[in-house]
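Colleague: Got a predicted model here, sequence first, then my questions.
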Amino acid sequence: MDNLEDLYQEIILSHNKRPRNEGVLDPHTEEAEGYNPLCGDRLQVYVRQNGPTVEAVQFTGEGCAISRASASIMTEAIKGLSGAALDAKIAEVIEMLTAKEEPVVDPFDLGELAALFGVRKFPARVKCATLSWHTLAAALKKAGKVSTE
Ligand code: ZN
């Protein structure tokens, strides 16, 4: 594949069609609900932590392809992380999506997360992509609910 944007789009569509880790995580230790009123995306994120380590993450909800793909990619990207590495990963992705200056990203470093970077081209959709990450952060902080507005 020589066109990176086509590849990004393919990754998003594939995760939307066959989301990884969709469903209520049983048992879970943390959960939060996220809402993006701009688009109407609603997600629940469930986390099971073993000590500080994220053992598993799952999500449920209704939303657009970008919000669902972002949640699906997230559940795979943060598994096994803990403490500072976990916080850093969440911050890195939100920064990558929202920084005014286009960040320098290495698609080979980021893996499928790089596909989310393609969403920067569509500012109205950025909150769709950050929703699951904000919801995850809320779950970890035991904040319960979060809205992108
Ligand atoms: Zn959306």
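Modeller: Arrived safely.
Colleague: Could I get the CA-only coordinates of the lowest-mean-pLDDT helix or strand in the chain as CSV?
Modeller: Here the helix or strand of the chain ranked lowest by mean pLDDT, DSSP states H and E is helix 107-110, holding a mean of 74. The C-alpha trace of helix 107-110 is given here as CSV (Å, rounded to 0.1, in the frame of the first residue of the first chain):
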residue,chain,number,x,y,z
PRO,A,107,3.6,5.7,12.0
PHE,A,108,5.9,2.7,12.5
ASP,A,109,6.3,3.7,16.2
LEU,A,110,2.6,4.2,16.7
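Colleague: Run through the neighbouring helices and strands of it.
Modeller: If you count contacts as 3 or more CB pairs under 8 Å, 6 or more residues apart in numbering; DSSP states H and E, helix 107-110 packs onto helix 114-117. For glycine as for every other residue, the C-beta is placed from the backbone atoms N, C-alpha and C.
Colleague: Give me the distance from the helix it packs on to the chain's centre.
Modeller: Distance, stretch centre to chain centre, for helix 114-117: 10 Å (CA atoms, centre = their mean, to the nearest Å).
Colleague: Repeat that for stretch 6-25.
Modeller: 11 Å.
Colleague: what sits up against it?
Modeller: 1, 44, 46-48, 56-60, 65-66, 68-69, 71-73, 75-76, 112, 114-118 (CB atoms under 8 Å, 6 or more residues apart in numbering).
Colleague: Could you give me the buried positions within it?
Modeller: Residues of stretch 6-25 classed as buried: Y8, I11, I12, H15, N16, P19, R20, N21, L25 (neighbour count, 16 or more other CB atoms under 10 Å).
Colleague: got it, and stretch 123-140?
Modeller: Residues 125-140 are the ones in stretch 123-140 that count as buried (16+ other CB under 10 Å).
Colleague: Keep only the residues you listed that also lie close to the ion.
Modeller: When CB under 5 Å from the ion is applied, the members of the buried residues of stretch 123-140 adjacent to the ion are C128.
Colleague: Name the surrounding residues that touch the least confident helix or strand of the chain.
Modeller: Residues outside helix 107-110 that contact it (CB under 8 Å, 6+ apart) are L4, A114, F117.
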